[in-house]
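[1] how does the following fold in three dimensions:
(chains A and B)
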Amino acid sequence: MTAEPVVTPEPVVTTAPAVTTGAANTAAGISAGAAGADTIVDAGTRGVGADVGRPDGVPKVQGRFAFSSDLWADDFLWGHTLRSPHASARILGIDIGPALATAGVHAVLLADDVPGRLNYGLEHPDQPVLADGQVRYVGEPVAVVAADHPDVARRAAEAIVVDYEPTDPLTDPEAAPTAEPIHPNGNVFREINIRHGDLDATGEVVVEGTYEVGMQDQAFMGPESGLALPDDDGGVELFISTQWLHVDREQIAACLGIDEEQVRLTLAGVGGAFGAREDLSLQIHLCLLALHTGKPVKMVYSRDESFFGHVHRHPAKMWYRHHADGDGRLVKVEARIVLDGGAYASTSSAVIANASCFAAGPYKVPAAHIVGLAARTNNPPCGAMRGFGAVQTCFGHESQMDKLAAALNMDPVELRLINALDSGDRLVTGQVITGTFPVAEVILQCAGAPAPDIPPSDDRRDLPGGSGRTTDAADTVRGTGFAVGFKNLMFSEGYDDYSSAACRVADGVATVTCACAEVGQGFVTLAQQIARTELGVDEVILAPAQTATIGSAGSSSASRQTWMSGGAVQAACRAVRDQILADVAADWGVSPDGLVLRDGLVVSLDGQQEALLAQITAGAGYEADVEYHHAPTEALDENGQGNAHVSFACAAHRVVADVDPDLGLVRIRDITTAQDVGRILNPTQAVGQIEGGTAQGVGLALMEEIILDNGQVRNASFTDYVIPTTLDMPDVTIAAWVEHPEPNAPYGAKGIGEPPTISSSAAVAAAVRDATNLPLPKIPIHPADIALG
Amino acid sequence: MPDPYSLRVNGVDCEVADSDLAESLLFVLRERLGLTGTKNACTEGECSSCAVLIDGVLTCSCLVLAATAADQEITTVEGLGDGRDELSVVQEAFVHEGAVQCGFCTPGLIVAVHDLLEANTEPSDGDVREALSGNLCRCTGYGRILAAVHSAAATKRSGS
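    Below you'll find the predicted structure:
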């Protein structure tokens, strides 16, 4: 049987109105860079560069957009997961009898019921689909249940009797390398040694520090959910919110023990991602239950379960020693970075590579010795989150730059400027930056923006702690902090993270197919803009993102989809355009070089001939299916040297904060930013990325931390894990989009999602330090760190 | 199972059958009545993604047992526009100002902003921030949402 879900995401909305950016803080004059070589259609159209609204905006404001939790099918069952209450324990036995005997229960599955590979993993398959004799973190899935009501499924899961023999958990990543292995693959995910330049070099001025970053949760709004439907031939169809359909399929098929073609994934509406949907959560469980019961199965995590159901940002401990000459020029940077990867590999090996490669910040550093370690512990698994390793080390290197400026009695912005990397400079990995990298300009635009006008206010909502607290305006002190950070775009170290897209033009209408996961970032808008620009059409239909109809688009992560899937859509559209123009040119007896597609017409540049595209493409239609690859990269060698990265982007933040030093309360009054964007393709969407990314950095700086106690998570709820609200986030002033088109990027555009999250945390911490004169070596900064510091 | 009962949602009387009395209004709206616009982000009253109006009072539907709302007028996001093709002033402003990214918090915000602008046609920035401080959004940093609220308020004041 194959039941069609009654509600599926609406794939096609082509008539969204153009939007304008209404906010004063994104006023005119934000374009600081030079005009690029690539042609961008004039704003005012609905092509690339224009302020076009999201095609899914209208259904989303109406509540009609179907997220993965909104799906249903006839006669479907609800799935539920039983999870380990122990950070480390042997499983001596499991009795599913009472659960199976519960009325309404259709299946209770354990590790023995996994027909294929027992483990999965994004990079290394080391994580059990269901625990097999051993649990290694609190929340590890042990059993899954399907029942006819979610409460029945939950109660049945609670009725499963698991005989655990708890053991002492390993919770210290620094002790992990020499501790007894807690997994057959050992306790070290990866160790990196970057040795660059003269390691014996010393500087006239030396500053040293140790810094910590807490475990942050992505806290997307839409909890993990999906609907699996068994087919008649032993295969399964899965409607799912994810960041990467094809890599999900690969892992699901391996663990189900069936061919990849028998697993068909369709992207359901995704309620945010930020890295947390790059690893599998409930995908295999859903498919197992559907195949076992022969019925559609739906699963929706609760918020507390979501905290256990996905990886988090790695907590970090970082030691740094910076050497500079008397003028402030960096001579050498030494660092040791330890990331707690938790119980399973996820992307730890790539995160520690990023943390290490970018540990010195966007600065010219002639010599560096960076040691990075990602270790396995019995804490919750950590993996991808927006900024991916660069967030942690930005807090480290920027704290050090402020410390160095103080030691030199130098302006911190000036110190950053004289050390700023530029195109043609070398990273600590030895890689020469060949693309655009306007670090100094970004610093100048941000730091040089007019100081914020913060008038005195008698509104208690403007005080640290807000209206409900007891701060007195006279007791607050104000501080200003500055930070700059950077990271790579796309995957690194030789990984070919290509994207695929298809384009079809028939009857004057373009249809674009791409498996890029729309997670809120606005790729659906961009894909339509690109097709309009390349094909001169207005109506662009987006086919559903599916594994069965198109190849992989790679992950919606690493700030890569604008470049990679944008590039794939552009290439597919251009291939179709070339076919159309070649046919028309042959028909008219002219060269295709003299023809363009514009306004729904094929037009000769000499103005002599034109034809309706709808007529030219009537009936049969033209189509192309392409793969788009970025320039190849290479692995890092044993000294951490190599051309491992494709491209880089940077951002800077300046933060003004009011602090009540006695109560330890902080109120951010202003955030100003500038960002290296290459080229802006949609101004409103770019503003949204910058504001949203900045807010996640503010959260990490002041409030967001998963609290662990011997491996137990103590705050798995939005009551206890707090994220910024409207009262915590000030307006974000975008002082400049620094636009220097990236030579090899489609339209010159760099990904813009991650840089705002990288430097914002460090800038907030710097502002609080400036206000309090406290060292504050750890983020998030809790009130006690200030009041008792 | 208890006897069927009726909920009045967006002006329509809806029969709720086969429902456990322990089911929340959020669950019944979504899973019994097919009104999935109301969202399930935290189900503990912290995020307001599930906000509805019950007899005109802004409420987290996850915190209300459905059966207790039987004699009340319930308005969800689906009931706020003027039909499928007509957006309310607030919905229009959210689309135009770029206040929507992933969109999971959006329905709750739309309901909350309708409630705010019913009570206060000239909200200050502080008023808006305070009114929406219970609505969590993870994508936007709130900038475009606040712009949309002020834009909607201005449109309503101008009577257009």
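[2] just the strands in the stretch 51-200 of chain A please.
    Using DSSP state E, counting those that start in this stretch, the strands of the stretch 51-200 of chain A run over A:77-83, A:89-95, A:105-109, A:119-120, A:127-128, A:134-135, A:141-147, A:161-166, A:188-196.
[3] can you tell me the closest non-neighbouring residue to the one residue in chain B that gets nearest to chain A?
    In chain B, no residue comes nearer to chain A than residue B:37, which is 2.0 Å away by CB to the nearest CB. Heads up, the C-betas are built off the backbone N, CA and C, glycines and all. Nearest residue to residue B:37 in three dimensions, chain neighbours excluded: residue A:63, at 2.0 Å (CB to CB, 6 or more residues apart in numbering or on different chains).
[4] contacting residues for the residue of the stretch 351-500 of chain A found nearest chain B?
    The stretch 351-500 of chain A approaches chain B most closely through residue A:461 (4.7 Å), counting by CB to the nearest CB. By CB atoms under 8 Å, 6 or more residues apart in numbering or on different chains, the residues touching residue A:461 are A:467, A:727, B:126, B:129, B:130.
[5] now do 6 Å
    Contacts for residue A:461 (CB atoms under 6 Å, 6 or more residues apart in numbering or on different chains) come out as A:467, B:126.
[6] please report how far residue A:335 lies from residue A:403.
    From residue A:335 across to residue A:403, the span is 14 Å (CB to CB, to the nearest Å).
[7] okay, the two: which has more neighbours?
    residue A:335 (25 against 18; other CB atoms under 10 Å in any protein chain shown).
[8] do I have it right that that one meets residue A:361?
    No - under the criterion of CB atoms under 6 Å, residue A:335 makes no contact with residue A:361, lying 10.4 Å away.
[9] can you get me a residue count around residue A:407?
    By other CB under 10 Å, neighbour count at residue A:407 equals 14.
[10] any idea how far it lies from residue A:326?
    For residue A:407, the distance to residue A:326 - CB to CB - is 11 Å.
[11] go on, residue A:684?
    Applying CB to CB to residue A:684 and residue A:326 gives a distance of 47 Å.
[12] residue B:4: neighbour count?
    10.
[13] residues contacting it?
    Contacts for residue B:4 were tallied using CB under 6 Å, 6+ apart; they are B:15, B:17.
[14] again, 7 Å this time
    Shown in contact with residue B:4 (CB atoms under 7 Å, 6 or more residues apart in numbering or on different chains): B:15, B:16, B:17.
[15] could you list the domains of chain A?
    A:69-168+A:238-270+A:277-298, A:312-493+A:635-787, A:497-628 (automatic domain parsing).
[16] can you give me the strands in chain B?
    Using DSSP state E, the strands of chain B run over residues B:5-9, B:12-16, B:51-54, B:57-60, B:73-75.
[17] quick check: residues of the stretch 301-450 of chain A near chain B?
    A:302, A:303 (CB under 7 Å from any CB of the partner chain).
[18] burial of the residue in the stretch 301-450 of chain A positioned nearest to chain B, as a residue count?
    For the stretch 301-450 of chain A, the residue closest to chain B is residue A:303, as judged by CB to the nearest CB, at 4.3 Å. Around residue A:303 there are 21 other residues, counting by other CB under 10 Å.
[19] which one is it nearest to, not counting chain neighbours?
    The shortest distance from residue A:303 to any non-neighbouring residue, by CB to CB, 6+ apart, is to residue B:42 (4.3 Å).
[20] and that neighbour, how far is that from residue A:301?
    11 Å.
[21] what do you get for residue A:119?
    Counting by CB to CB, the gap from residue A:119 to residue A:301 is 21 Å.
[22] which of these two has more residues huddled nearby?
    Taking neighbours as other CB under 10 Å, residue A:119 and residue A:301 compare with residue A:301 leading, 21 against 18.
[23] so that one touches residue A:220, yeah?
    No - checked against CB atoms under 7 Å, the pair residue A:301 and residue A:220 is beyond contact range at 11.1 Å.
[24] which residue is nearest the middle of chain B?
    Nearest to the geometric centre of chain B sits residue B:111, at 3.1 Å (CA atoms, centre = their mean).
[25] surely it is in contact with residue B:53?
    Yes - the criterion here is CB under 7 Å, and residue B:111 meets it with residue B:53 at 6.4 Å.
[26] the closest residue to chain B within the stretch 1-150 of chain A: neighbour count?
    Chain B sits closest to residue A:63 of the stretch 1-150 of chain A, with a gap of 2.0 Å, by CB to the nearest CB. Neighbouring residues of residue A:63 were enumerated by other CB under 10 Å; the total is 26.
[27] and if you look at the one 5 residues further on?
    Here the number of neighbours of residue A:68 (other CB under 10 Å) works out to 28.
[28] and for residue A:145?
    30.
[29] contacting residues for it?
    A:79, A:80, A:99, A:105, A:107, A:108, A:153, A:156, A:157.
[30] likewise residue B:98?
    Contacts of residue B:98 (CB under 7 Å, 6+ apart): A:19, A:684, A:685, A:687, A:688, B:144.
[31] how about residues contacting the longest helix belonging to chain B?
    Longest helix of chain B, by residue count under DSSP state H: helix B:143-158. Helix B:143-158 is touched from outside by A:22-23, A:687-688, A:691, A:726, A:731-732, B:89-90, B:93-94, B:97-99, B:109, B:113, B:117, B:121-123, B:128, B:137, with contacts defined as CB under 7 Å, 6+ apart.
[32] do I have it right that the residue of the stretch 1-150 of chain A closest to chain B meets residue B:79?
    No - applying CB under 7 Å as the test, residue A:63 and residue B:79 come out as separate, 9.4 Å apart.
[33] for the spatially closest residue to residue A:302 that is not a sequence neighbour, give me the pLDDT.
    The shortest distance from residue A:302 to any non-neighbouring residue, by CB to CB, 6+ apart, is to residue B:43 (5.9 Å). Note on residue B:43: pLDDT of 95.
[34] okay, now the closest residue to chain B within the stretch 151-300 of chain A: neighbour count?
    Nearest residue of the stretch 151-300 of chain A to chain B: residue A:271, at 3.4 Å (CB to the nearest CB). Residues lying near residue A:271 (other CB under 10 Å) number 30.
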